[in-house]
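**Student:** Next input, structure requested:
(one chain, ligands or ions: 2)
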Amino acid sequence: MQKIVLSGPGQVKLIQTKTDSSLVPLLDIGACGICATDRKGFLAPPPSMQLPLVPGHEFCGIHLPTGKRVVAWPAISCGQCTHCHRGQTNLCAELQLFGLHLDGGYQQQFSLPPSLVERAVFMKIPTGLDWKQASMAEPVACVIHSLAMVENPPESICIYGAGLMGRLASRLAQYKWPHCLIEVLDSDPIRQELAAKTHGREHVDLVFMACSSSTAVNDALTRLSPGGHMLMFSGLARDRNPLAIDYNRIHRREQTLHGSYGCLPADMTLALDLMAGGNLMVDDLISNVANLEQVPDILGNSRNPREFKTVIITQ
Ligand SMILES: [Zn+2]
Ligand SMILES: [Zn+2]
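**Tutor:** Ligands and ions are numbered 1, 2, ... in the order given. Predicted coordinates for the structure are as follows:
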């Protein structure tokens, strides 16, 4: 089988290999999305990355034990800690992420050590979704997870960042709160034009951070209404400018800042259902489809503003 192996900063290659006989084969992978996290890991692998490693955490395929088409939840949780007991498995202290701590989806067959097999979580893909669409379940689910932190429908929302996540946030907010005024802002003029959503309100009830710019965070905080919520969805760039968080302003205005990290299996099931039911369109955001041989080139080239999601078809 073919797999992509990352061995150091910028070092990635396609290799032909047999499945390791000490592992249990679980999926014949159909597709795997390339995430911004994968690109960052390729350029500068974080210290927690277990190299050499197969990147990718947005994958789906045929579940070998059952023959069903499934999407993988992108991690293994311990099942023992307080957060696992509360059902917050994305916050597990021992979380092992595919494509970071364990081999991920840039390969034809996904397998795990026998001790982890029971803890892997897969969601059945509804009929009508192809591999490309199903591979979008994880990014869609992360946005669903974040928006679910806001209980009352906001009157206005500003989404900072018009990349894939910002565009998904705009669509899911529209679906969830049909009367909400939605603005999507991006410093890139092409992305801004493609998103085409501005309302120009001075103050907004809800802010969704889908970019890594601290300047955008500072701007968002000054626009947040009293009683407003900020969803801290995207991490910030390492070389960021200082944040201008005014503690007293947040205190006096009763504002709420929500950290938001990853998703839960239930969010992925909802994502699949929304796509299969025709309530969320993603096809136009899948801008590139490639195969495993093309992955080194794709990771090596910088992304153009019209690229939203690249999906690798692995078979
Ligand atoms: Zn991702
Ligand atoms: Zn745990």
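
**Student:** Report the rounded mean pLDDT for the biggest strand by length in the chain.
**Tutor:** Secondary structure of the chain per DSSP state E: the longest strand is strand 24-34. For strand 24-34, the mean per-residue pLDDT is 98.

**Student:** Just want the angle from the next helix or strand after it to strand 24-34.
**Tutor:** Going down the chain from strand 24-34, the next helix or strand is helix 36-43, by DSSP states H and E. The directions of helix 36-43 and strand 24-34 differ by 100 degrees, with axes from the mean of the first three to the mean of the last three CA atoms, to 10 degrees as the criterion.

**Student:** List the contacts of stretch 298-312.
**Tutor:** Residues from elsewhere that reach stretch 298-312, judged by CB atoms under 8 Å, 6 or more residues apart in numbering: 10, 12, 31-34, 38-39, 42, 56, 106, 131-132, 135-136, 139, 163-164, 167, 188, 190-191, 194, 282, 285-292, 294-295. C-beta: built from backbone N, CA, C; applies to glycine.

**Student:** among the residues you listed, which ones are buried?
**Tutor:** Neighbour counting with 16 or more other CB atoms under 10 Å marks 12, 31-34, 38-39, 42, 56, 106, 131-132, 135-136, 139, 163-164, 167, 188, 191, 194, 282, 285-286, 288, 292, 295 as buried within those.

**Student:** So which of these sit within helices?
**Tutor:** Taking DSSP state H, the ones among those that sit in helices are Asp38, Arg39, Phe42, Trp131, Lys132, Pro139, Leu164, Arg167, Arg191, Leu194, Val295.

**Student:** What is the nearest of the residues you listed to ligand 2?
**Tutor:** Comparing those against ligand 2 with CB to the ion places Pro139 closest, at 23.1 Å.

**Student:** residue contacts, that closest one?
**Tutor:** Contacts were defined as CB under 8 Å, 6+ apart; by that measure Pro139 touches Gly33, Cys35, Glu58, Leu164, Met165, Leu168, Lys309.

**Student:** The second one contacts Glu58, doesn't it?
**Tutor:** Yes - when contacts are counted by CB atoms under 8 Å, Cys35 is listed as touching Glu58 (5.8 Å).

**Student:** what's the spacing between the residue nearest the centre of the chain and Leu129?
**Tutor:** Nearest to the centroid of the C-alpha atoms of the chain, with distances taken as CA atoms, centre = their mean, sits Pro139, at 3.4 Å. To Leu129, Pro139 is 14 Å away according to CB to CB, to the nearest Å.

**Student:** can you count the residues close to the nearest residue to Pro114 once chain neighbours are set aside?
**Tutor:** Excluding its sequence neighbours, the residue lying closest to Pro114 (CB to CB, 6 or more residues apart in numbering) is Val24, at 5.5 Å. Summarising burial for Val24: neighbours were counted as other CB atoms under 10 Å, giving 16.

**Student:** Run through the bridge partners of Val24.
**Tutor:** Leu112 (DSSP bridges).

**Student:** quick one, what contacts it?
**Tutor:** Residues touching Val24, when contacts are defined by CB under 8 Å, 6+ apart, comprise Ser111, Leu112, Pro113, Pro114, Val117.

**Student:** Could you work out the most separated pair of the residues you listed?
**Tutor:** By the measure CB to CB, those have their two most distant members at Ser111 and Pro114, which lie 9.8 Å apart.

**Student:** And the helices in the stretch 51-200 of the chain?
**Tutor:** 82-85, 131-134, 137-147, 164-176, 189-195 (DSSP state H, counting those that start in this stretch).

**Student:** among those, which is the most enclosed?
**Tutor:** Stretch with highest mean neighbour count among the helices of the stretch 51-200 of the chain: helix 137-147 (a mean of 26; mean count of other CB atoms under 10 Å).

**Student:** roughly how far is that helix from the heart of the chain?
**Tutor:** Helix 137-147 has its C-alpha centroid displaced from the chain centroid by 7 Å (CA atoms, centre = their mean, to the nearest Å).

**Student:** Could you do stretch 18-33 as well?
**Tutor:** A distance of 21 Å separates the C-alpha centroid of stretch 18-33 from that of its chain, computed with CA atoms, centre = their mean.

**Student:** go on, stretch 205-217?
**Tutor:** Using CA atoms, centre = their mean, the distance from the centre of stretch 205-217 to the centre of the chain it belongs to is 16 Å.

**Student:** end to end, how far does that stretch reach?
**Tutor:** Across its full length, stretch 205-217 reaches 15 Å end to end, with CA to CA, to the nearest Å as the criterion.
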